[in-house]
Structures are given as C-alpha cells and as structure tokens.
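Novice: Whatever this is, show me its structure:
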Amino acid sequence: KSYHYIGLLKSVMRLSMKSLKAAEVKEIGSSVMAIANEKLKAEKEATAGKKKT
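Specialist: From the prediction side, this is the model:
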C-alpha cells in the first residue's frame, strides 16, 4: 500500500460527492461504515483466534 493511498481515496470521494444531495452522501457513508464494521469484526476474530492457541 502506498503512503498516499488513503489521502487519494479521501480526495476522490470528496470531489465525487460534491454534486450529491446530503441523503445520498449519508447513504454512501452508511455503506462505508458497514464495510468498516465488517473489517473490524474480522480483525477482532483473527486476533482472538491467535490468543487462544
């Protein structure tokens, strides 16, 4: 992963959402949060699995 990758994604998202309505941006934000929650859960499960052995 590049150091600048996250910054690039943030900039692209900000620019691409400029013309959207607040409700549309909120819907996208909800989808991104769902992905983040899934990844967090997977990371916790992986960490818990390592501690048990």
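
Novice: longest single helix anywhere in this protein?
Specialist: helix 22-52 (DSSP state H).

Novice: Mind telling me what element Arg14 is part of?
Specialist: helix 5-16 (DSSP states H and E).

Novice: Excluding its own residues, what touches that helix? List them.
Specialist: Ser2 (Cβ atoms under 8 Å, 6 or more residues apart in numbering). In short, each C-beta sits where N, CA and C put it, glycine included.

Novice: Taking helix 22-52 as reference, get the angle to that helix.
Specialist: For helix 5-16 against helix 22-52, the angle by axes from the mean of the first three to the mean of the last three Cα atoms, to 10 degrees is 160 degrees.

Novice: Flag every buried residue along helix 5-16.
Specialist: By neighbour count on 16 or more other Cβ atoms under 10 Å, the buried set for helix 5-16 is empty.

Novice: Could I get the average pLDDT for that helix?
Specialist: Mean per-residue pLDDT for helix 5-16: 96.
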